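**Student:** Sequence isn't available, so here's the structure alone:
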Ligand code: AMP
């Protein structure tokens, strides 16, 4: 299976698509933001050092990111969906030295729509499932459909941090999009389409015809 890099502004639906590719086609979803939040929850040394960056909406320094993902990239070299990595040119160059990446998918989304989606995102306190209130109907009770726990707003989904994350995307991650485009590896998708439509387009474009056993 190929390795896929998912690029796009926060709120563009990378996590949702990565999860569908995992469930339906057996990819391994590597979500760097989740790895970082896990470090904070477990109060590890890295977790304590990155708290300020995460809360402000700034990118975490590359050295912490490399320490966390190095074991993953050394043990698994195919079938990875990289969600939230690389976000800097240095990370892209690092990735290229580690594994083969022939396809990067860029989820194109307007800043204003991203801001609206992030302010309407809720996350389950317990299992960390994501919900977008813009996509739920009026009877939605703000309880997790998987484990019935309370949903909350992510601490970095506040106005100031959202603006800084969008700024970081334009300044530090846009050059990564050019990096993959220069290597003829870039596929663009319209991130305003509904999640199932985007998933079907990806399956078709990537020629994913032999689904593995479905994962829950
Ligand atoms: P996300 O879960 O993708 O929205 O990321 C949440 C936060 O984690 C970001 O705002 C950054 O502070 C940090 N982060 C995630 N991925 C990276 C990365 N590749 N490089 C640096 N910081 C990151």
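**Tutor:** That came through, no problem. Because the structure is predicted, anything quoted here is derived from the model rather than measured.
**Student:** Looking at strand pairing, list the partners for the closest residue to residue 7 other than its chain neighbours.
**Tutor:** With C-beta to C-beta, 6 or more residues apart in numbering as the criterion, residue 7 has its nearest non-adjacent residue at 4.8 Å, and that residue is residue 106. No exception for glycine: its C-beta is placed from N, CA and C like everyone else's. When bridges are called by DSSP bridges, residue 106 pairs up with residue 7, residue 188.
**Student:** Return the distance of residue 106 relative to residue 17.
**Tutor:** 12 Å (C-beta to C-beta, to the nearest Å).
**Student:** cool, and residue 104?
**Tutor:** Going from residue 104 to residue 17 by C-beta to C-beta gives 13 Å.
**Student:** quick one: common contacting residues for those two?
**Tutor:** Both residue 104 and residue 17 are contacted by residue 6, under the criterion C-beta atoms under 8 Å, 6 or more residues apart in numbering.
**Student:** thinking again about what came up before, give me the neighbour count for the residue nearest to residue 7.
**Tutor:** For residue 106, the count of nearby residues is 23 (other C-beta atoms under 10 Å).
**Student:** try residue 36
**Tutor:** For residue 36, the count of nearby residues is 21 (other C-beta under 10 Å).
**Student:** how about the helix or strand it falls within, does it get close to the ligand?
**Tutor:** According to DSSP states H and E, residue 36 maps onto helix 32-41. Yes. Applying C-beta under 6 Å from any ligand atom, one finds helix 32-41 touching the ligand at 32-33, 36.
**Student:** if I look at residue 148, how far off is residue 8?
**Tutor:** Per C-beta to C-beta, residue 148 is found 31 Å from residue 8.
**Student:** if you count what's nearby, which of these two comes out ahead?
**Tutor:** Neighbours per residue, other C-beta under 10 Å: of residue 148 and residue 8, the larger number sits with residue 8, 23 against 11.
**Student:** so what's that one scoring on pLDDT?
**Tutor:** At residue 8, the model reports a pLDDT of 97.
**Student:** start to end distance for stretch 182-196?
**Tutor:** 29 Å (C-alpha to C-alpha, to the nearest Å).
**Student:** what about residue 102, neighbour count?
**Tutor:** When neighbours are defined as other C-beta under 10 Å, residue 102 has 12 of them.
**Student:** what residues does the chain put near the ligand?
**Tutor:** So far as C-beta under 6 Å from any ligand atom goes, the chain lies against the ligand at 10, 32-33, 36, 53-54, 57-60, 65, 84-85, 87, 91, 156, 165.
**Student:** Go through stretch 55-73 and flag the buried ones.
**Tutor:** Neighbour counts over stretch 55-73 (16 or more other C-beta atoms under 10 Å) mark 57-60, 64-65, 68-69, 72-73 as buried.
**Student:** Export those residues as JSON lines, with columns for pLDDT, secondary structure and distance to residue 44.
**Tutor:** Output for those, formatted as JSON lines (pLDDT from 0 to 100; DSSP: H, G, I helix; E, B strand; the rest coil; distance: C-beta to C-beta, whole Å):
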{"residue": "57", "pLDDT": "96", "secondary structure": "coil", "distance to residue 44": "21"}
{"residue": "58", "pLDDT": "97", "secondary structure": "coil", "distance to residue 44": "19"}
{"residue": "59", "pLDDT": "97", "secondary structure": "coil", "distance to residue 44": "19"}
{"residue": "60", "pLDDT": "98", "secondary structure": "coil", "distance to residue 44": "13"}
{"residue": "64", "pLDDT": "97", "secondary structure": "helix", "distance to residue 44": "10"}
{"residue": "65", "pLDDT": "97", "secondary structure": "helix", "distance to residue 44": "14"}
{"residue": "68", "pLDDT": "96", "secondary structure": "helix", "distance to residue 44": "10"}
{"residue": "69", "pLDDT": "95", "secondary structure": "helix", "distance to residue 44": "15"}
{"residue": "72", "pLDDT": "93", "secondary structure": "helix", "distance to residue 44": "16"}
{"residue": "73", "pLDDT": "93", "secondary structure": "helix", "distance to residue 44": "19"}
